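Colleague: okay, predicted coordinates and the sequence, questions at the end:
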Amino acid sequence: GAVVSQHPSRVICKSGTSVKIECRSLDFQATTMFWYRQFPKKSLMLMATSNEGSKATYEQGVEKDKFLINHASLTLSTLTVTSAHPEDSSFYICSARQGPLNTEAFFGQGTRLTVV
Amino acid sequence: AQSVTQLDSQVPVFEEAPVELRCNYSSSVSVYLFWYVQYPNQGLQLLLKYLSGSTLVESINGFEAEFNKSQTSFHLRKPSVHISDTAEYFCAVSGDTDKLIFGTGTRLQVFP
């Protein structure tokens, strides 16, 4: 299958700083990218959906000013956690899809964010 | 709005026994259904999907799932599990919107 690379895999940052997570589709062009947050022993919570060149669509309850998403090209999306706090510590996963709703979404390996 | 319910958070089973992981969905229009698997310390991988046509879909490693529209279900089954099937299994739905919505996951633990 296609490869989605997510970087970094782990990051520790101080409270109040910002952290950027990158998601790249290595061998295909991703028309749509998704960002999820995975809580321990819980589901993947969809945070936002982004299409290349347009603003991301955020899910209810997700602060768009805190979780900045940029989908600048068909192979790269970034999630920036601004002014991070300990409660933002979580596992963040990106996903990329090449085509419409009935095509497979490919997932990155995830990023473990720890805010201290 | 779309939603997915996975009723079992954990399913323990002995090796070579059959297993069923339950998934129910809600969706107002056409639906596409997926099962993803997450092995320990790995990312999610697509196991199988239902888009249209035959309601019974199969994966290459012996899993199958049946789309049942009347019961709004897409249960995952395997007649004989292996130790290597130990993983987290997620049911997902799309179709109403551009989103891919996941259930809470089922932890399949296979014991020798």
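Modeller: Arrived safely.
Colleague: mind listing what B:A87 touches?
Modeller: B:A87 is in contact with B:V37, B:Q38, B:Y39, B:P40, B:R107, B:L108, counting by Cβ atoms under 8 Å, 6 or more residues apart in numbering or on different chains. Any C-beta I mention is one placed from the backbone N, CA and C, and that applies to glycine too.
Colleague: next, count neighbours for the second one.
Modeller: What it means is B:Q38. 20 (other Cβ atoms under 10 Å in any protein chain shown).
Colleague: quick check: closest non-adjacent residue to it.
Modeller: B:E88 (4.4 Å; Cβ to Cβ, 6 or more residues apart in numbering or on different chains).
Colleague: the one you found and B:T106 touch, don't they?
Modeller: Yes: using Cβ atoms under 8 Å, B:E88 is in contact with B:T106, at 7.2 Å.
Colleague: show me where pLDDT drops low in chain B?
Modeller: B:96 (pLDDT under 70).
Colleague: can you tell me which residues in it are near chain A?
Modeller: With Cβ under 8 Å from any Cβ of the partner chain as the criterion, chain B meets chain A at residues B:9, B:32, B:34, B:36, B:42-46, B:49, B:51-52, B:90, B:94-95, B:98-105.
Colleague: among those, which lie within strands?
Modeller: The members of these that map onto strands under DSSP state E are B:Y32, B:F34, B:Y36, B:L44, B:Q45, B:L46, B:K49, B:F90, B:S94, B:I101, B:F102.
Colleague: max pairwise distance over the residues you listed: which two?
Modeller: Using Cβ to Cβ, these span at most 17.9 Å, a distance reached by B:Q45 and B:I101.
Colleague: of those two, who's got more company?
Modeller: B:I101 (23 against 14).
Colleague: check contacts around residue 100.
Modeller: Went with chain A since none was named. Here A:P100 is in contact with no residues (criterion: Cβ under 8 Å, 6+ apart).
Colleague: switch to chain B, that's the one I care about
Modeller: A:F34, A:L46, A:S95, A:R97, A:A105, B:F34, B:A92, B:V93, B:S94.
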